[in-house]
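In: Got a predicted model here, sequence first, then my questions.
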Amino acid sequence: MSQIVSMTINGEERELALEPYRSLLDTLRNEGGLTGTKKGCDVGDCGACTIIMNGKPVNSCLVLAVEAAGAMIETIEGLQLAPDKPHPLQEAFMRYGSAQCGFCTPGIIMMAKALLDENPNPTEDEVRFGIAGNICRCTGYTKIIEAILATAADLQRAKSA
Amino acid sequence: MKRFEYHEPASLEEASRLLAELGATAQVLAGGTDLLVEIREHLRPVTHVVNIKRIPGLRDFACDDAQGLRVGALITAREVETSPQVARLFPNLVSAVGQLGSIQVRNRATVVGNICRASPSADTLPPLIADGARLSVFNGNGERSIALEEFFTGPGRTVLRPGEIVTGISVPPPGAHSGRAYIKHGRRKAMELATVGVAVTLEREAGHCREIRIALGAVAPTPIRAREAEALLRGEAFTPERVAAVAEAAMTESTPISNVRASAEYRREMVGVLTRRAITLAMEAIQ
Ligand code: FES
Ligand code: FES
């Protein structure tokens, strides 16, 4: 039996009719039409489905959509500052060539955003620890870590300027 | 995902009644990071999911010198991992919870849920057992208290009866001149199950060992206390020979299996190495 669940997705109030056994990931992608969040493993191992729920990064494949009733959800689609203005992390990922096939990228960028929100000036080790749950089979991580550290430095500089 | 009926009880009484009525294929959902995987991969037949997140009173979280630690059933691993008070009094637990999955998982997974899955290799169990943790269990009318080390009966199995719900875990305050350590041995740094986990909590008095508890993970069907090893050190001086004998005894008490992560022989050897190392670390941690 489906029920109506309302949640705020990228600042917009949404009401979705859901079966209780649906994951938040499937719901965002199907009912929500937001396919930027990826399904890699569907069991919490790869991090491709990372979104920010009530300020915390989580695997959306491990959340039931009904549990998100009343929650604030942020996905990769809500990150850009304006329609033609990417988020600084997105800029840095392009500049550093941090995406190859790109499948892990939305999840890693959401994880990186949560990391920088909590710790604006992370060490390389802290970045590595932070993205340990995001698997990338293409890049070898080096360029991803460079882009995250560069974004942190840019944001710090912008703040003190 | 497989279909199931979903329940959101508003009280412990209601949740307990539901679980008792619905039987073994009804499961409690707290963080869901294990349960949803088990449902999706058909590892566990589940017809009813009972979400306990709307029940009030399951979010206590307190840690201080006088009372020790109290963690309600809905407190996440990440909350424990990032608490400065827990880091000060129970650094062994913080290092263990930080090993559970990824940050994304730890933002959902609860410490009590991790305990209730009763995995022999769960990292949180050895340090909590070494520190004498107890569980509060709601049984329909009232609460009973169970020592964590007596909670497990086998892999995935506990002493919980139908309709019982663990509401929280408490750990007594650290004793004077006590030190604690947890060492996890795996093949890589993150997203790894323990091959062997060793926790030691000890108290020193006048150069002697006043009290010691050694808990071993992933080397028996449940986490275990190495009681014979402990007895060799209790009341004795920390000489290298003594500590070597303790490590030897801990190896004998473990009954590991061989699986894809390591052979039984290797695990037993590592129990010896890590017990010695954990005793040294726990000694160094005494303040
Ligand atoms: S799809 Fe959720 S962690 Fe892989
Ligand atoms: S860019 Fe292909 S998986 Fe990361």
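Out: Looks like it came in fine. Ligands and ions are numbered 1, 2, ... in the order given.
In: Over to residue B:225: give its phi and psi.
Out: Here is the backbone geometry of residue B:225 (degrees, to the nearest 10): phi -90, psi 140.
In: In contact with it, which residues?
Out: Shown in contact with residue B:225 (Cβ atoms under 8 Å, 6 or more residues apart in numbering or on different chains): B:129, B:149, B:213, B:214, B:215, B:216. (C-beta placed from N, C-alpha, C; glycine too.)
In: Can you lay out these as a markdown table showing distance to chain A, secondary structure and neighbour count?
Out: Compiled in a markdown table, these are given as follows (distance: Cβ to the nearest Cβ, whole Å; DSSP: H, G, I helix; E, B strand; the rest coil; neighbours: other Cβ atoms under 10 Å in any protein chain shown):
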| residue | distance to chain A | secondary structure | neighbour count |
| --- | --- | --- | --- |
| B:129 | 26 | helix | 26 |
| B:149 | 29 | helix | 19 |
| B:213 | 29 | strand | 21 |
| B:214 | 28 | strand | 30 |
| B:215 | 26 | strand | 25 |
| B:216 | 26 | strand | 31 |
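In: number of nearby residues for residue A:10?
Out: Number of residues near residue A:10 (other Cβ atoms under 10 Å in any protein chain shown) recorded here: 16.
In: need the residues of the stretch 101-250 of chain B near ligand 1, please.
Out: Within the stretch 101-250 of chain B, no position lies close to ligand 1 (Cβ under 6 Å from any ligand atom).
In: for the stretch 101-250 of chain B, what spans make up the helices?
Out: Assigned by DSSP state H, counting those that start in this stretch, the helices in the stretch 101-250 of chain B fall at B:103-106, B:111-116, B:125-130, B:227-233, B:240-253.
In: so what's residue 122 scoring on pLDDT?
Out: All of this is about chain A. At residue A:122, the model reports a pLDDT of 97.
In: my bad, the chain I had in mind was chain B
Out: For residue B:122, the pLDDT comes out at 90.
In: Residue B:112 is in contact with that one, correct?
Out: No: the pair residue B:122 and residue B:112 does not pass the contact test of Cβ atoms under 8 Å, sitting 11.6 Å apart.
In: In TSV: the contacts of residue B:225, plus distance to residue B:34 and pLDDT.
Out: Shown next, in TSV, are those (distance: Cβ to Cβ, whole Å; pLDDT from 0 to 100):
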residue	distance to residue B:34	pLDDT
B:129	20	98
B:149	21	97
B:213	27	98
B:214	27	97
B:215	21	96
B:216	22	94
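In: Domain-wise, how is chain A divided?
Out: A:3-76, A:88-160 (automatic domain parsing).
In: most tightly surrounded among these?
Out: domain A:3-76 (a mean of 20; mean count of other Cβ atoms under 10 Å in any protein chain shown).
In: How about that domain and ligand 2, any contact?
Out: No: figure legend: domain A:3-76 not in contact with ligand 2 (Cβ under 6 Å from any ligand atom); closest approach 8.0 Å.
In: Start and end of that domain, how far apart?
Out: Taking Cα to Cα, to the nearest Å, domain A:3-76 runs 26 Å from one end to the other.
In: Whether that domain contacts chain B - can you check?
Out: Yes: applying Cβ under 8 Å from any Cβ of the partner chain, one finds domain A:3-76 in contact with chain B at A:19-23, A:42-45, A:47, A:50, A:56-59, A:61-64, A:66-67.
In: rewinding a little: point out the most buried one among the helices of the stretch 101-250 of chain B.
Out: It is helix B:125-130: most buried of the helices of the stretch 101-250 of chain B by mean count of other Cβ under 10 Å, with a mean of 30.
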